[in-house]
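Q: build me a model from this:
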Amino acid sequence: MEEKKILKREEVPVEYTWNLEDLYKTPADWDKDYEKAGKLAEEIAAFQGHIGESADSLVAWFKKADEAELLLSSIYSYASLAADQDLGNNENQARKGKAVGLLVSIQSASAFGDTEIMDIEDDKLDAFFKENQELEVYRLAIDRIRKKKEHMLSAAEEKLLAATGEMSEGPSNIGSIFRNADLKFPKVKDGKGEEHDLTQGTYISYMESTDREFRKNTFKTFYDTWKSHESLSATILDAHYKQQTFYANARKYENNLEAALDRTEVPVSVYHNLIDTVHKHMGSMYRYMDLRKKLMGVDELHMYDLYNSIVPDAEEKITYEQAKEAVFEAIKPLGEDYAKVVKTAYDNRWIDVYENEGKRSGAYSSGGARPHPYILLNHKDNLNSQFTLIHETGHTMHSYLSMKNQPVVYSDYVIFVAEVASTCNEVLMMKNLLTKTTDKKKRMYLLNYFMEQFRTTLYRQTMFAEFELKLNELVEKGNTLTADTLNKMYYDLNKLYYGENMVVDEEIASEWARIPHFFYNYYVYQYATGFSAAIALATKILKEGESAVKDYLKFLSSGSSTDPISLLKIAGVDMSTPVPIEEALDQFDALISEMEELA
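A: Residues are numbered from 1 along each chain as shown. Predicted coordinates:
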């Protein structure tokens, strides 16, 4: 596959595209299910006023919810995946819009459900459990609903809030279309004067170049383009955070952070523990930046010097086929059954591999899709893409095992544990590569890559988390997010996280505009906590072997069958304390020391 040429969707070889026929053979089949789902609203409405009448009624309500979940997940997954193949395809975008509208209508129609479940008296509910054994599987789901009674509104108010769902997607959708479809970048010149097409997908690969002039030109062109649209980006972000604040206030939460973490049963202290612990270890980041500056042999270390390897001439071209082989080597400790499912995924087109015109940027695993998840990649032939492949494979296995082993109501998992399986896979791959590597230069290259994972995942994502917290606090106080405010806040945080010996170029102040995760409502911190947990789990798996693997696979198969802190304790990690973060940062220090010795 020629990396420099970005193909049109129809030009991409079919074996490198996902097979959506596993969801629906044809769009016409999707239309049939869409029509079928349209009747769900009436069926759901028939329960109103009757959910708490009897044990049988309560069981029937949850079974109807399971039925709706299975049908809607297929409808939305197909529409969303098809739309992401080419954001410029109006037919697919329209289908996704219909799917979103359907989801909102069903949510609106079922809004009374939680309120009626909360209104059931305790003695009556206890009797229901004795009368109908089928209700037992839903006990945890019922407990979760009833625990949130203080944040629930009347049935009429819940229905009204649910009806705003489609509007609430507005800022996020506008931002996504702007970033991925409408925003265009000028060509950039390398050190030899040759021009290159600059896109969201090519930016990082250009920043990894050994050509410093090329990196500098790419960096300045990229962020100058973002800056020219910063007022629009700030307005979109302001609209998003204002609607988040509206929902938090409507549900009587103290703030957006409490509202977001309550949904995933994570204590607010975990968020603050992360930021506080990383702040205490800023010295390690500064030490790494000093080492990078020294090994690169530059008088000044700039922001455009962060992504290229500090080990010259060690980078190798890694094809997609080679990347797959490396994945199978890395996951051997997880057992044959795990590897067998991964092989099925790779052989049966669960993956959309290469970038094409209009394709959504980045990478993800669509965990909600049935009968299996799908993986979106924008693969380049390098080490980073190899790690992206094993990362998204981890997500997919987590989703697949949870769907296979849990009832529908608990088959998904909350965001807090979402990054653990993916990052654990990455750590297993890195430790496997380091174990097999005796060449000094290659080992230094891998150590540099591993240290970059700490920088970009533990430090950088914590910086994002701190930025997001500050954004919310501003909006909650009645302020408007302007480009000037966002630029200064983001620039100051970069100064804090990278230290005085780093030249924090003024262009980086606009970087916030390109980060889609700021629309995900307190998501990014979980990359950092998940990375810390993954370091602990991978170390445990490699050290203890079969017993640790058994516990880990039990965790992967548990979905949301308990709260996320308890789920991780199953695998042997306690994220209610700063200990896993501290231990991960200690490993970072050890990596820096080894690199210093090798250098």
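Q: scan the helices and strands of the protein for the one with the lowest mean pLDDT.
A: In the chain, the helix or strand scored least confidently by mean pLDDT, DSSP states H and E is helix 165-168, which has a mean of 82.
Q: and it, what does it pack onto?
A: Identification of packing neighbours for helix 165-168 by 3 or more C-beta pairs under 8 Å, 6 or more residues apart in numbering; DSSP states H and E yields helix 90-109. To be clear about C-beta, it is placed using only N, CA and C from the backbone, and glycine gets the same treatment.
Q: against which helices or strands is the helix it packs on packed?
A: Using 3+ C-beta pairs under 8 Å, 6+ apart: helix 90-109 touches helix 27-38, helix 40-45, helix 55-85, helix 155-163, helix 165-168.
Q: possible to save the ones you listed as TSV with distance to R514 and mean neighbour count?
A: Below are those laid out as TSV (distance: least, C-beta to C-beta, whole Å; neighbours: other C-beta atoms under 10 Å):
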stretch	distance to R514	mean neighbour count
helix 27-38	32	14
helix 40-45	38	15
helix 55-85	18	19
helix 155-163	31	16
helix 165-168	22	16
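Q: nearest to M451, out of those?
A: helix 55-85 (32.0 Å; C-beta to C-beta).
Q: what about the closest one, distance to the chain center?
A: Chain-centre distance of helix 55-85: 22 Å, with C-alpha atoms, centre = their mean, to the nearest Å.
Q: for stretch 457-469, same thing?
A: With C-alpha atoms, centre = their mean as the basis, the mean position of stretch 457-469 lies at 14 Å from the chain mean.
Q: try stretch 377-388
A: From the chain centre to the centre of stretch 377-388 is a distance of 17 Å (C-alpha atoms, centre = their mean).
Q: start to end distance for it?
A: Stretch 377-388 stretches 8 Å from its first residue to its last (C-alpha to C-alpha, to the nearest Å).
Q: I'd say T529 and A418 touch.
A: No. T529 sits out of contact with A418 when judged by C-beta atoms under 8 Å, with a separation of 10.5 Å.
Q: so which of these two has more stuff around it?
A: T529 (28 against 23; other C-beta atoms under 10 Å).
Q: quick one: average pLDDT of the helix or strand containing the more buried one?
A: Counting by DSSP states H and E, the element that carries T529 is helix 525-544. Mean per-residue pLDDT for helix 525-544: 94.
Q: what's that helix packed up against?
A: Where contact means 3+ C-beta pairs under 8 Å, 6+ apart, helix 525-544 is packed against helix 268-280, helix 420-436, helix 460-476, helix 546-556, helix 564-571, helix 579-598.
Q: now do the buried residues in that helix.
A: Neighbour-count burial for helix 525-544 flags 525-542 (criterion: 16 or more other C-beta atoms under 10 Å).
Q: between it and helix 546-556, how big is the angle?
A: 150 degrees (axes from the mean of the first three to the mean of the last three C-alpha atoms, to 10 degrees).
Q: so where is this protein shaky, pLDDT-wise?
A: 1-4 (pLDDT under 70).
Q: still on that earlier bit, so for Q200, which of the helices and strands packed on helix 90-109 sits nearest?
A: helix 55-85 (13.3 Å).
Q: which strands and helices lie in contact with that closest one?
A: Taking 3+ C-beta pairs under 8 Å, 6+ apart as contact, the helices and strands that helix 55-85 lies on are helix 27-38, helix 40-45, helix 90-109, helix 112-118, helix 122-131.
Q: same list (these) but as JSON lines, adding distance to R360.
A: Below are the helices and strands packed on helix 55-85 laid out as JSON lines (distance: least, C-beta to C-beta, whole Å):
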{"stretch": "helix 27-38", "distance to R360": "19"}
{"stretch": "helix 40-45", "distance to R360": "28"}
{"stretch": "helix 90-109", "distance to R360": "11"}
{"stretch": "helix 112-118", "distance to R360": "33"}
{"stretch": "helix 122-131", "distance to R360": "44"}
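Q: looking at those helices, which is nearest to S399?
A: Among the helices and strands packed on helix 55-85, helix 90-109 comes nearest to S399, with 18.8 Å by C-beta to C-beta.
Q: buried residues, that closest one. List them.
A: In helix 90-109, counting by 16+ other C-beta under 10 Å, buried: 92-93, 95-96, 98-100, 102-109.
Q: how many neighbours does the spatially closest residue to L433 that is not a sequence neighbour have?
A: Counting by C-beta to C-beta, 6 or more residues apart in numbering, L433 lies nearest to L446, which is 5.4 Å off, once chain neighbours are set aside. Using other C-beta under 10 Å, the number of residues around L446 comes to 22.
Q: ok, now the one 5 residues further on?
A: For M451, the count of nearby residues is 20 (other C-beta under 10 Å).
Q: returning to that earlier point: give the contact list for the residue nearest to L433.
A: M430, L433, L434, T437 (C-beta atoms under 8 Å, 6 or more residues apart in numbering).
Q: sorry, back to before: farthest-separated two in the buried residues of helix 90-109?
A: Maximum pairwise distance in the buried residues of helix 90-109, criterion C-beta to C-beta, is 26.0 Å, between N92 and A109.
Q: hmm, I51 is touching T115, no?
A: No. Using C-beta under 8 Å, I51 is not in contact with T115, being 9.2 Å away.
Q: then the host helix or strand of T235 to PDB, C-alphas only?
A: Taking DSSP H and E as the criterion, T235 maps to helix 230-250. In PDB, the C-alpha atoms belonging to helix 230-250 read as follows (Å, rounded to 0.1, in the frame of the first residue of the first chain):
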ATOM      1  CA  GLU A 230     -10.000  29.400  16.700                       C
ATOM      2  CA  SER A 231     -13.100  31.600  17.300                       C
ATOM      3  CA  LEU A 232     -15.300  29.000  15.700                       C
ATOM      4  CA  SER A 233     -13.600  26.200  17.700                       C
ATOM      5  CA  ALA A 234     -14.000  28.100  21.000                       C
ATOM      6  CA  THR A 235     -17.700  28.800  20.300                       C
ATOM      7  CA  ILE A 236     -18.300  25.100  19.600                       C
ATOM      8  CA  LEU A 237     -16.500  24.100  22.800                       C
ATOM      9  CA  ASP A 238     -18.300  26.800  24.800                       C
ATOM     10  CA  ALA A 239     -21.700  25.400  23.600                       C
ATOM     11  CA  HIS A 240     -20.700  21.900  24.600                       C
ATOM     12  CA  TYR A 241     -19.600  22.800  28.100                       C
ATOM     13  CA  LYS A 242     -22.700  25.000  28.700                       C
ATOM     14  CA  GLN A 243     -25.000  22.100  27.800                       C
ATOM     15  CA  GLN A 244     -23.000  19.800  30.100                       C
ATOM     16  CA  THR A 245     -23.400  22.400  32.900                       C
ATOM     17  CA  PHE A 246     -27.100  22.600  32.200                       C
ATOM     18  CA  TYR A 247     -27.500  18.800  32.600                       C
ATOM     19  CA  ALA A 248     -25.400  18.700  35.800                       C
ATOM     20  CA  ASN A 249     -27.500  21.500  37.300                       C
ATOM     21  CA  ALA A 250     -30.800  19.900  36.200                       C
END
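Q: show residues contacting that helix.
A: Residues outside helix 230-250 that contact it (C-beta under 8 Å, 6+ apart) are 153, 157, 161, 168, 170-172, 174-175, 178, 226, 255-256, 258-259, 471-472, 475-476, 480-483, 485-487, 510, 512-513, 518-519, 521.
Q: go with 7 Å
A: 161, 168, 171-172, 174-175, 255-256, 259, 471-472, 475-476, 480-483, 486, 510, 513, 518-519, 521 (C-beta atoms under 7 Å, 6 or more residues apart in numbering).
Q: what's the answer for stretch 161-170, then?
A: For stretch 161-170, using C-beta under 7 Å, 6+ apart, the contacting residues are V100, G101, V104, Q107, S108, A111, L153, Q243, A250.
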